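> this one's structure only:
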């Protein structure tokens, strides 16, 4: 039977996810690049882009504007499955926006540490 949310594994993923969130909102591209699996199999579906492979994701990060990245995390759900796989899901709202965003990530323990292997970001339609 697979063990869900082993305390030590959940603590590891929580730490890496917090690093990711801090790096995202401060545009720390080096940490963002570190936390994505360096593989052509990595993917990231963004609000306006579909990125296939680590190189495409890194190029996107390097070229995106470094302003307006602050956001309020409304809900976080981290779940670990055994010792080497986890999911991270959040709902967020960008500063000054009424739309709710969603971010999903799949994390895998690699020899280099925990890395995002797949990510998806989307925005819900505006609420009246």
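Arrived safely, thanks for sending. As the structure is a prediction and not an experimental result, all values here were calculated from the model. Numbering: from 1, shown residues only.
> Tell me which other helices or strands the longest helix that the chain contains touches.
The residue-count maximum for a helix in the chain (DSSP state H) belongs to helix 7-26. Contact partners of helix 7-26 among helices and strands, from 3 or more CB pairs under 8 Å, 6 or more residues apart in numbering; DSSP states H and E: helix 29-35, strand 71-81, strand 85-94, strand 101-110, strand 113-123. C-beta here means a position set from N, CA and C on the backbone, and glycine is covered the same way.
> same thing but 6 Å
helix 29-35, strand 71-81 (3 or more CB pairs under 6 Å, 6 or more residues apart in numbering; DSSP states H and E).
> what pLDDT, on average, does it get?
In this model, helix 7-26 has an average pLDDT of 97.
> tell me which residues form a beta bridge with the residue positioned nearest the centre of the chain?
Centroid-nearest residue in the chain: residue 105, 5.0 Å away (criterion: CA atoms, centre = their mean). With DSSP bridges applied, residue 105 shows beta-bridge pairing to residue 88, residue 119.
> pretty sure it contacts residue 120?
No - checked against CB atoms under 6 Å, the pair residue 105 and residue 120 is beyond contact range at 7.9 Å.
> Overlap of the contact sets of the two?
Residues touching both residue 105 and residue 120 (CB atoms under 6 Å, 6 or more residues apart in numbering): none.
> if we can go back for a sec, just say which of the helices and strands packed on helix 7-26 is most tucked in.
helix 29-35 (a mean of 16; mean count of other CB atoms under 10 Å).
> What is that one packed up against?
By 3+ CB pairs under 6 Å, 6+ apart, helix 29-35 packs against helix 7-26, helix 54-63.
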